[in-house]
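Visitor: here are the coordinates; sequence isn't available:
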């Protein structure tokens, strides 16, 4: 294959990775930004999103698009509800102490993963894409669904941005993020805001999973790789910065796509890790983050 | 601090003469109890115990589930026909978790606790390689159903035998002439980047060269990969055939992305059914496989011309005409491999009867009786087909099926001969001591 089409395919693959990654990392970044909680169980919310999507789609017959669209609504809601309960039962009782919450979310990770293994099983199960259209280019074919993933992800990011900057809920969240105690003094129910943010973060991961599950399959171990990549994205972009998360996700997604095609997937991961190390040494707050106050 | 620790140690060692004597007495009493001398003198009527090392959990669980069902069916058939040398057959199952370390422990448990006559039934090659040394040390026969090349390679020991299923080297060699003659001579290999994939890479290249073909590219894929489109540009445009042996949870993605990439105008596909054992060919995303070809050890779908003994075998192990469980149409069998359990148990019976097996003292004689076997005729004992056993390499060679996917089912289009796959012996276990 000539260089041009090869590069085009690599970029497309990279953009799909970036689209899914930015949604997932945004959830992680939001939870850290507002709550200062490092959510290690974030990958398992992603996995749960995929498993619930499979469950919804397999319960419904008819056209695959119906099952998929319903999964796109139900799955994030179910996952958000689970996250909400987990936040109320576990994280709030620990008073959001950084060390305790890390250990608690590691525990959550294993509990969710093993429950999925017990009740869903070790098999990888597919969900049918809402439409199966193949775009034929002169050099290779590409799935139209993959392109729509990029589009939908952009829409979701815009919606989240509007929510954070143009609504009252967003204002309350930003106020809580800016200064928890002052927010509380002004009558903002910080506990409920925290629970809401944790649920929103998990829902974003679930949306990412529903989008990816027609491309890959739902599997109980699928949360690990995206979790590591999300951490990389969030560290590079700056914890709590929406703009940084998007830029870093596109950077990591594209470089992963292009480097792993022209060289090797291992090299792509090595470079991403090296970038994290460099960012931590020279700009610990991340590319777009603001220094901790 | 350190004094404290010494004090504690002293206290822990406080074992008096009285308690020691009490313990010894109790132990002696237990040994002398009547239950422990069962079968001491009743060798001839006691059951023959076979330890079944089963992948009940771990990555081999789907295979293990079916190996267990076939083993139960084969043991029932042998017992209904009067057992072995008039003694009933008893299968003792231990789960090895598809883990080599656990596998070796299971072999020891069989030998020392269950006191079985032999160990049998392992599939995954890393578990076989991990367990074989334990079988050799404990001098217990180890009849595997693994299709791995490790037995024939001579790297194991005289107690390890694979008499019921052809090894991967012979399988790969036997399909090469058909691929070169029917699909094309320029082949690209796509394989998982670890031992199982490397076997295919190493054995297929010389085999296709011998047919005047060539391997134009090799695409190794890391076993943890979940997305494959990025590897497809490595497939040269002049490729006639893509030979794929992907395994694991991502295999559906692999096929789907291959379909998206090539559309209807791509190269021919030839795969090993190992990728799709226990997976429904009609799963969404697998439509692209329509028209492509697969190796099968034994056909999954009932074939119109199958002999009566195959029909009887399928009925006995409980699979319907689509190769799914008769109880659950979604529970797809591992038909291409599990026949090996049925055939191996029949060979164990034949070997024991040939040497007049009485008990563990005849284990060496039993191995020698198996080594003396050569031709095995197709029939109720060998439903997969006729076979040729090589006593030197402890490996059997049989005919293989090449099937085409049509209407979402696998239809046998060619049957390879034993000669297509067999190769010069590369080891001689008979010269090793017991």
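Guide: Thanks, I have the structure now. Given the structure is predicted, the values throughout are model-derived calculations rather than measurements.

Visitor: residues from the stretch 101-250 of chain A in reach of chain B?
Guide: Residues of the stretch 101-250 of chain A found near chain B, taking CB under 8 Å from any CB of the partner chain as the criterion, are A:122-124, A:126, A:128, A:134, A:136, A:140-143, A:215-217, A:219, A:222, A:225. All C-beta atoms are positioned from the backbone trio N, CA, C, and that covers glycine.

Visitor: so what's the residue positioned nearest the centre of chain B closest to, chain neighbours aside?
Guide: Centroid-nearest residue in chain B: residue B:146, 2.4 Å away (criterion: CA atoms, centre = their mean). Closest residue in space to residue B:146, ignoring its immediate chain neighbours: residue B:128 at 4.9 Å, by CB to CB, 6 or more residues apart in numbering or on different chains.

Visitor: Count the neighbours of the one you found for me.
Guide: Using other CB atoms under 10 Å in any protein chain shown, residue B:128 has 24 neighbouring residues.

Visitor: go on, the one 4 residues further on?
Guide: Other residues near residue B:132 number 24, with proximity taken as other CB under 10 Å.

Visitor: which residues sit in contact with residue A:271?
Guide: A:255, A:259 (CB atoms under 8 Å, 6 or more residues apart in numbering or on different chains).

Visitor: Next one, pLDDT for it please.
Guide: You'll see residue A:271 listed with a pLDDT of 90.

Visitor: tell me the phi and psi of it?
Guide: Main-chain torsions, residue A:271, degrees, to the nearest 10: phi -60, psi -40.

Visitor: What of the one 3 residues further on?
Guide: Backbone torsions of residue A:274, given as degrees, to the nearest 10, read phi -60, psi -40.

Visitor: Around it, how many other residues sit close by?
Guide: For residue A:274, using other CB under 10 Å, the count is 10.

Visitor: so how far is residue B:270 from it?
Guide: In this view, residue A:274 and residue B:270 are 40 Å apart by CB to CB, to the nearest Å.

Visitor: do residue A:24 as well
Guide: Taken as CB to CB, the span from residue A:24 to residue B:270 is 37 Å.

Visitor: Between the two, which is the more surrounded one?
Guide: residue A:24 (34 against 22).

Visitor: on that earlier part again, list buried residues within the residues of the stretch 101-250 of chain A next to chain B.
Guide: For those, a burial check counting by 16 or more other CB atoms under 10 Å in any protein chain shown picks out A:124, A:126, A:128, A:134, A:140-143, A:215-217, A:219, A:222.

Visitor: any idea which of these is the one closest to chain B?
Guide: Nearest to chain B out of those is residue A:124 (CB to the nearest CB; 3.2 Å).

Visitor: And the helices in the stretch 51-200 of chain A?
Guide: A:64-86, A:98-119, A:144-166, A:168-178, A:180-185, A:190-212 (DSSP state H, counting those that start in this stretch).

Visitor: Same list (those helices) but as TSV, adding mean pLDDT and mean neighbour count.
Guide: Compiled in TSV, these are given as follows (pLDDT from 0 to 100; neighbours: other CB atoms under 10 Å in any protein chain shown):
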stretch	mean pLDDT	mean neighbour count
helix A:64-86	94	19
helix A:98-119	93	15
helix A:144-166	92	15
helix A:168-178	89	16
helix A:180-185	89	13
helix A:190-212	94	25
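
Visitor: Next, the nearest residue to residue A:289 once chain neighbours are set aside: phi, psi?
Guide: Distances taken as CB to CB, 6+ apart put residue A:238 closest to residue A:289, at 2.4 Å, once the chain neighbours are dropped. For residue A:238, the backbone dihedrals are phi 100, psi 120 (criterion: degrees, to the nearest 10).

Visitor: Contact partners for residue A:238?
Guide: Neighbouring residues of residue A:238 by CB under 8 Å, 6+ apart: A:244-245, A:285-290.

Visitor: which of these has the weakest pLDDT?
Guide: residue A:290 (69).

Visitor: which residue sits closest to residue A:247, ignoring its sequence neighbours?
Guide: Using CB to CB, 6+ apart, the closest residue to residue A:247 is residue A:237 (6.1 Å).

Visitor: how close does the residue in the stretch 1-150 of chain B positioned nearest to chain A get to residue B:415?
Guide: In the stretch 1-150 of chain B, no residue comes nearer to chain A than residue B:61, which is 6.6 Å away by CB to the nearest CB. Relative to residue B:415, residue B:61 is positioned 31 Å away (criterion: CB to CB).

Visitor: who has more neighbours, these two?
Guide: residue B:61 (18 against 14).

Visitor: Pull the contacting residues for the nearest residue to the more buried one once chain neighbours are set aside.
Guide: Excluding its sequence neighbours, the residue lying closest to residue B:61 (CB to CB, 6+ apart) is residue B:55, at 6.1 Å. Going by CB under 8 Å, 6+ apart, residue B:55 touches B:61, B:63-64, B:67, B:95-98, B:122-124, B:127.

Visitor: Where does pLDDT dip in chain B?
Guide: Where chain B drops to pLDDT under 70, the residues are B:1-15, B:20, B:24, B:26-44, B:248-249.

Visitor: could you measure residue B:71 against residue B:88, distance?
Guide: 15 Å.

Visitor: who has more neighbours, these two?
Guide: Each of residue B:71 and residue B:88 has its neighbours counted (other CB under 10 Å); residue B:71 has more, 24 against 15.

Visitor: so the more buried one is in which element?
Guide: Applying DSSP states H and E as the criterion places residue B:71 in helix B:61-80.

Visitor: The lengthiest helix in chain A near chain B at all?
Guide: Ranked by number of residues, the top helix in chain A under DSSP state H is helix A:3-35. Yes - Helix A:3-35 is in contact with chain B by CB under 8 Å from any CB, via A:6, A:9-10, A:13.

Visitor: which one of the contacts of residue B:55 is nearest residue B:261?
Guide: Closest approach to residue B:261 among the contacts of residue B:55 (CB to CB): residue B:63, at 29.9 Å.

Visitor: So which bits of stretch B:198-206 are buried?
Guide: So, applying 16+ other CB under 10 Å, buried residues of stretch B:198-206: B:199-201, B:203-205.

Visitor: Tell me which two of those sit farthest apart.
Guide: B:199 and B:205 (11.5 Å).

Visitor: about what we covered before: give me the angle between the longest helix of chain A and helix A:64-86.
Guide: Counting by axes from the mean of the first three to the mean of the last three CA atoms, to 10 degrees, helix A:3-35 lies at 30 degrees to helix A:64-86.

Visitor: mind checking the SS state of residue B:219?
Guide: strand (DSSP: H, G, I helix; E, B strand; the rest coil).

Visitor: May I have the beta-bridge partners of it?
Guide: residue B:190 (DSSP bridges).

Visitor: pretty sure it is in contact with residue B:190, am I right?
Guide: Yes - Residue B:219 lies in contact with residue B:190 (CB atoms under 8 Å); the separation is 4.6 Å.

Visitor: So these two - more neighbours on which side?
Guide: When neighbours are counted by other CB under 10 Å, residue B:190 comes out ahead of the other of residue B:219 and residue B:190, with 25 against 17.

Visitor: tell me how far the ends of stretch B:157-171 are from each other?
Guide: 23 Å (CA to CA, to the nearest Å).

Visitor: got a list of what the closest residue to residue B:166 other than its chain neighbours touches?
Guide: Distance criterion CB to CB, 6+ apart; nearest residue to residue B:166, sequence neighbours excluded, is residue B:398 at 4.8 Å. Residues counted as contacts of residue B:398 (CB under 8 Å, 6+ apart) are B:165-166, B:384-388, B:418.

Visitor: No further questions, thank you.
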